[in-house]
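**Student:** Return a 3D structure for these sequence lines:
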Amino acid sequence: MLGMGLLLLALGYILGLYFLYSPTAGLIIALMIWAVLNFIALFQGDNIMLSMAKAKKISRDDSPRLYNIVEEMKIASGLENMPAIYVIDDPAPNAFATGRNPEKAAVAVTTGLLQKLNRDELQGVIGHEISHVKNRDVLLMTMCSILLGTIVMLSWYASRMLFFSSMTGGRRRSSSGGGGSAQLIILAVGIVLMILAPILAQLIYFTISRKREYLADASSAQYTRYPEGLASALEKISASTTQLKAANKATAPMYIINPFRKKGRAASDLSSTHPPISERIRILRSMAGGASFADYDNAYRKTRLTSKGVVSPSALATSGTVAVRDAEPQRTDESQYKIEQSREISDLLWRQNNYRTINCECGTKFRLPPKFKATTVRCPHCGIINKVT
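**Tutor:** Down below sits the predicted model:
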């Protein structure tokens, strides 16, 4: 973050010196843009992202299974407040967390995720997202994205101003030959910064994002005490060929797996914002001895063949020993469970769209749209007249 901040100040300094004849003015403008964007992101960023994703808030009655899992992970992580739960009507399996602090956090999952994952796998994903809240990753990545956005914005407008100035024949003042040489040097440095600053800032941003994804995987393994749950979930999510419609380049780093992929293809390891999927799965499945931060760090070193770990020494010192638990017992009526799960998701979506449910005496269940005005409705099967409440 310090590196990104220095890039922003350097860009503001040079652009102020060239366009405004005052480096101080350039610094002030750069910092003002950053402050305004930061204010909007910190106080409305979560609402903006949830709105962009078309996520709808649910309660315990809407999806008891999901609510119970989030509640379990909230207790396991030590969060004091229950995060708000949102569902996105999208067949692509994915999830993200948002909120500037643990007191105002939210977890959003797609209907595709609820449909494809069993309880252990869903618990692993929710544990991953809850850890982003617990570890303040949401706040960190919001601040980093604002720094990146400010740098890109300044570079874009500066390049357009430079192009417009050259096209209209605008000339900068210069006192003499020496002054002209200085102007050319400032211009050259400015052009280099306009090109390199966004690239360097984005590389730094991706590096931070990847580091926090590893830590979130480690935290999920510790919260659930079952690393295989998250590993299996990542495998299923990455195998999906369905594209997430609600995602964009700005929100992609917030999801558990990069939502961008070629149409009709599974997700690949070539992701800038996230570590390689296959590597994340291998690390989790190498944690045979335990589910603590230390076990994850050892598995990370072993998998990547490096002596440098990914978990901070302070976190390793306080993680303790965490034994791996057994998997949830498999249901004998798995097909019936899938049907019940589909019905639960279907009922949830009907309620989210304000449809009313009529249960006829003959057992028929049918839906009425929000704009249905009649006070009674005839059952299409038995002919009984049902009162609409």
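
**Student:** gap between stretch 203-220 and the chain center?
**Tutor:** Mean C-alpha position of stretch 203-220 versus that of the full chain (C-alpha atoms, centre = their mean, to the nearest Å) differs by 11 Å.

**Student:** nope, stretch 189-196 is what I meant
**Tutor:** Per C-alpha atoms, centre = their mean, the centroid offset for stretch 189-196 relative to its chain is 30 Å.

**Student:** Got the domain ranges for this protein?
**Tutor:** 1-353, 355-389 (automatic domain parsing).

**Student:** and among the ones you listed, the most buried is which?
**Tutor:** Stretch with highest mean neighbour count among the domains of the chain: domain 1-353 (a mean of 18; mean count of other C-beta atoms under 10 Å). In this view, the C-beta of every residue, glycine as well, is placed from N, C-alpha and C.

**Student:** re earlier: a markdown table for the domains of the chain, including mean pLDDT?
**Tutor:** Listed next are these as a markdown table, based on pLDDT from 0 to 100:
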| stretch | mean pLDDT |
| --- | --- |
| domain 1-353 | 83 |
| domain 355-389 | 84 |
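
**Student:** can you pull the contacts of the closest residue to residue 55 other than its chain neighbours?
**Tutor:** Take residue 55 and drop its neighbours on the chain: the residue closest to it by C-beta to C-beta, 6 or more residues apart in numbering is residue 86, 3.7 Å away. Residues near residue 86 by C-beta atoms under 8 Å, 6 or more residues apart in numbering: 50, 53, 55, 56, 57, 58, 106, 107, 108, 109.

**Student:** let's go with 10 Å and repeat that
**Tutor:** 50, 53-58, 95-96, 98, 106-109 (C-beta atoms under 10 Å, 6 or more residues apart in numbering).

**Student:** Then residue 46?
**Tutor:** With contacts defined as C-beta under 10 Å, 6+ apart, residue 46 is in contact with 84, 97, 98, 99, 100, 104, 105, 106, 108, 138, 142.

**Student:** For residue 216, state which of those is nearest.
**Tutor:** Nearest to residue 216 among these, counting by C-beta to C-beta, is residue 97 at 9.0 Å.

**Student:** residue nearest the centroid of the chain?
**Tutor:** The centroid of the chain falls nearest to residue 254 when counting by C-alpha atoms, centre = their mean (1.5 Å).

**Student:** Walking through this structure, point out its helices one by one.
**Tutor:** Listed in chain order, the helices found in the chain under DSSP state H are 2-19, 23-52, 64-77, 111-116, 119-134, 137-167, 177-224, 227-239, 277-285, 293-304, 313-319, 334-352.

**Student:** and of those, who's closest to residue 246?
**Tutor:** The nearest among the helices of the chain, by C-beta to C-beta, is helix 23-52 at 6.6 Å.

**Student:** what angle sits between the closest one and helix 177-224?
**Tutor:** 30 degrees (axes from the mean of the first three to the mean of the last three C-alpha atoms, to 10 degrees).

**Student:** quick one: helix 23-52 to chain centroid distance?
**Tutor:** For helix 23-52, the distance to the chain centre is 19 Å (C-alpha atoms, centre = their mean).

**Student:** relative orientation of that helix and helix 2-19 in degrees?
**Tutor:** In terms of direction (the same axes, to 10 degrees), helix 23-52 departs from helix 2-19 by 130 degrees.

**Student:** ok, residue 210 to residue 298 distance?
**Tutor:** In this structure, residue 210 and residue 298 are 19 Å apart, going by C-beta to C-beta, to the nearest Å.

**Student:** Just put the contacts of residue 86 in a markdown table and tack on distance to residue 221.
**Tutor:** Shown next, in a markdown table, are those (distance: C-beta to C-beta, whole Å):
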| residue | distance to residue 221 |
| --- | --- |
| 50 | 27 |
| 53 | 26 |
| 54 | 31 |
| 55 | 26 |
| 56 | 30 |
| 57 | 28 |
| 58 | 27 |
| 95 | 16 |
| 96 | 19 |
| 98 | 22 |
| 106 | 23 |
| 107 | 18 |
| 108 | 22 |
| 109 | 19 |
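
**Student:** Switch the helices of the chain over to JSON lines; also include distance to residue 370.
**Tutor:** Listed next are the helices of the chain as JSON lines, based on distance: least, C-beta to C-beta, whole Å:
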{"stretch": "helix 2-19", "distance to residue 370": "47"}
{"stretch": "helix 23-52", "distance to residue 370": "20"}
{"stretch": "helix 64-77", "distance to residue 370": "24"}
{"stretch": "helix 111-116", "distance to residue 370": "20"}
{"stretch": "helix 119-134", "distance to residue 370": "30"}
{"stretch": "helix 137-167", "distance to residue 370": "34"}
{"stretch": "helix 177-224", "distance to residue 370": "38"}
{"stretch": "helix 227-239", "distance to residue 370": "33"}
{"stretch": "helix 277-285", "distance to residue 370": "40"}
{"stretch": "helix 293-304", "distance to residue 370": "48"}
{"stretch": "helix 313-319", "distance to residue 370": "49"}
{"stretch": "helix 334-352", "distance to residue 370": "11"}
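
**Student:** So which of those is nearest residue 327?
**Tutor:** Here helix 119-134 is closest among the helices of the chain (C-beta to C-beta), at 5.8 Å.

**Student:** Just want the angle from the closest one to helix 277-285.
**Tutor:** Going by the same axes, to 10 degrees, helix 119-134 makes 100 degrees with helix 277-285.

**Student:** sorry, back to before: with residue 219 as the reference, measure out to the residue nearest to residue 55.
**Tutor:** Going from residue 86 to residue 219 by C-beta to C-beta gives 21 Å.

**Student:** Over to residue 344?
**Tutor:** From residue 344 over to residue 219 the distance is 28 Å, taken as C-beta to C-beta.

**Student:** got it, and residue 352?
**Tutor:** Distance from residue 352 to residue 219, by C-beta to C-beta: 30 Å.

**Student:** How about residue 367?
**Tutor:** Using C-beta to C-beta, one gets 41 Å for the distance from residue 367 to residue 219.
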